[in-house]
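> have a look at this prediction, sequence included:
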Amino acid sequence: METKVNEFTTAVDGFDDALKASATNPATVTATTADDAFDAAWRGANNYLAAMCAHLTADIAAAASEAKSPFDKYGDPTKLAQTEESGVLHNLLKDLDTFDASKRTSLNLDVWIADLKTKEEAFLAAAAQRTEEDAARQVGIVKEPRIAAEAAYRSLVDTVNALVMINGDANYATFIDHVNAMIERQKVISKARVTRAKKEDKSAE
């Protein structure tokens, strides 16, 4: 009996550790870094055009004001959730692609547009990698410990049921209540972890 209890406790602890590990994805750091770089690229381009609007040459100042227009239209996207921000910046880049080529040249704007596109590609790749690793980690890290915990639980239940049939349930009632309480506690912890992980993923999107 003691052996079965120890096996069950060890298996549950292993499952708990796996749940903790599955909530930590190293790719999240890469995606956040790429998002920060994307933010910096937007700020650089926006500030550059704002400065060029005060250019001493009237034609260049007018071109800068025209190029700044889509930046003002979409507003500052850097405080938005990552997915929403990415969509706004993608639309901005589409608008900039249609901006008059000669005016882009006069402003030396292409280098800024190219930088924004590079940062966008890096962010999208990092975000996709994060999503893939989230799925893989949830399956790979949690599945085996969960199966082991379920097997240990079934083995413990079978042992207790056999002893109850032989000796009656009076001597095991307290123990059964303790195990049931332990299971309910783990359910609450697991549910809380899943809810927290979903909230964190949503805030990062």
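The structure has been received and is ready for your questions.

> residues contacting residue 100?
63, 66 (CB atoms under 8 Å, 6 or more residues apart in numbering). C-beta: built from backbone N, CA, C; applies to glycine.

> just the pLDDT at the closest residue to residue 78 other than its chain neighbours, thanks.
The shortest distance from residue 78 to any non-neighbouring residue, by CB to CB, 6 or more residues apart in numbering, is to residue 39 (4.2 Å). Per-residue pLDDT puts residue 39 at 93.

> quick check: which element contains residue 39?
Here residue 39 sits within helix 27-52, counting by DSSP states H and E.

> so which elements touch that helix?
helix 58-74, helix 82-97, helix 110-167, helix 173-204 (3 or more CB pairs under 8 Å, 6 or more residues apart in numbering; DSSP states H and E).

> what angle separates the longest one from helix 27-52?
In other words, helix 110-167. 160 degrees (axes from the mean of the first three to the mean of the last three CA atoms, to 10 degrees).

> do the same with the second one
Following the same axes, to 10 degrees, one obtains 40 degrees for the angle between helix 82-97 and helix 27-52.

> who does the helix or strand just after helix 82-97 touch, helix- and strand-wise?
Counting by DSSP H and E, the element after helix 82-97 in chain order, helix or strand, is helix 101-107. Under the contact definition 3+ CB pairs under 8 Å, 6+ apart, helix 101-107 sits against helix 58-74.

> mean confidence for the helix it packs on?
The average pLDDT within helix 58-74 is 95.

> report the buried residues of that helix.
When burial is assessed from 16 or more other CB atoms under 10 Å, helix 58-74 yields the following buried residues: 60, 63, 64, 65, 67, 68, 70, 71.

> check stretch 81-96 too.
82, 85, 86, 88, 89, 92, 96.

> of those, closest to residue 128?
Lowest distance from residue 128 to the buried residues of stretch 81-96 (CB to CB) belongs to residue 86, with 11.3 Å.

> just give the closest residue to residue 40, not the sequence neighbours.
Per CB to CB, 6+ apart, closest to residue 40 is residue 119, 7.8 Å.
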